[in-house]
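Colleague: What would the 3D arrangement of this be:
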Amino acid sequence: FVAGAFTGLGSKLLEDSIYLIAALLTRGVAFYETVFWSRVIGDPFNHVLYTSLSGLAIGFFLSSRKPFRRLFLPVVCFGLAVGFHSFHNSFSLAYNSLNPENFAMNVLESVLLVSIFLGVATGLILRERREIISALEGEEFMSKDEISSIVSLKRIIPMWDIFALDRGQGGLREAWKKQR
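Modeller: Residues are numbered from 1 along each chain as shown. So this is what the prediction gives:
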C-alpha cells in the first residue's frame, strides 16, 4: 500500500511537470496557470490513490494464505484502481477540468478520492493494530498496559508522536529492555 502510494506520488509529480512544461512552452503563462490550478491544486492525490490500491492488491496476493482471498482481494483492488481512474477521467472530460469555472467540481472530486484513500489507510492501520495486540497478548514479558501503550494510535500512525518512544513506563524502549 505504502510503496504503491509513493509510486503514485512520483508518477503524479512527473506527469504534472510534463503537463506544466508543455503548457508553458506551447500556450504561455496564462495556460500554465490554468493547468497548474487544475492538476496541481485541483487534483493533488489521484494517482496516489490508484497506485496505492494496486500496491494493496500486490500485498494481498503475497501475504494472504487463503486461496480465495489471495485471488479475490487483488482483483477487487485492481478493479477499484481502474474504476477510480476511469471515474476521474470521465469526470475530467464531463466537467472540462481545465476550465477555471469548473475548479470547484475538480476539488470536490479530489476531496472524494482523498477521503477514500484516508479511509483505506485508516482501515489498514486499525487492522494491523488488532494483529499486533493479538500477537502480543499471550507473551509474558509485557503487561496489558505496556501492550496498550505500544499499540496506541499515537504510536502506530507514523510520526504522530515520535518523541514519545522512550517516555515513561510502557514505552517502546522499556519493552525492548525487557526482551533482552
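Colleague: Quick check: residue 17 vs residue 123, distance?
Modeller: Residue 17 sits 32 Å away from residue 123, going by Cβ to Cβ, to the nearest Å. (C-beta placed from N, C-alpha, C; glycine too.)
Colleague: need the helices for this protein, in chain order.
Modeller: In the chain, the helices defined using DSSP state H lie at 2-27, 29-35, 46-63, 67-95, 103-136, 144-150, 153-156, 172-179.
Colleague: Return the member of those helices having the minimum mean pLDDT.
Modeller: Lowest mean pLDDT within those: helix 172-179, at a mean of 61.
Colleague: re the thing from before, may I see the helices of the chain arranged in TSV, with mean neighbour count as well?
Modeller: Output for the helices of the chain, formatted as TSV (neighbours: other Cβ atoms under 10 Å):
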stretch	mean neighbour count
helix 2-27	15
helix 29-35	14
helix 46-63	21
helix 67-95	15
helix 103-136	14
helix 144-150	16
helix 153-156	14
helix 172-179	13
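Colleague: Do I have it right that residue 84 meets residue 53?
Modeller: Yes. Between residue 84 and residue 53 there is a contact under Cβ atoms under 8 Å: 7.3 Å.
Colleague: How about residue 55: what's its closest non-neighbour residue?
Modeller: Nearest residue to residue 55, sequence neighbours excluded (Cβ to Cβ, 6 or more residues apart in numbering): residue 4, at 2.0 Å.
Colleague: Tell me which residues touch the one you found, please.
Modeller: Contact analysis of residue 4 by Cβ atoms under 8 Å, 6 or more residues apart in numbering lists 51, 52, 53, 54, 55, 56, 58.
Colleague: Looks like the first one contacts residue 8 (just checking).
Modeller: Translated: residue 51. Yes. Contact criterion Cβ under 8 Å: residue 51 and residue 8 qualify, at 3.2 Å.
Colleague: Give the closest residue to residue 69 in space, chain neighbours not counted.
Modeller: Spatially, and ignoring its direct neighbours in sequence, residue 69 is nearest to residue 60 (6.8 Å; Cβ to Cβ, 6+ apart).
Colleague: What of residue 76?
Modeller: Once flanking residues are discounted, residue 76 sits nearest to residue 57: 7.8 Å by Cβ to Cβ, 6+ apart.
Colleague: distance of the spatially closest residue to residue 81 that is not a sequence neighbour from residue 133?
Modeller: Of all residues not flanking residue 81 in the chain, residue 53 sits nearest, at 4.0 Å (Cβ to Cβ, 6+ apart). From residue 53 over to residue 133 the distance is 26 Å, taken as Cβ to Cβ.
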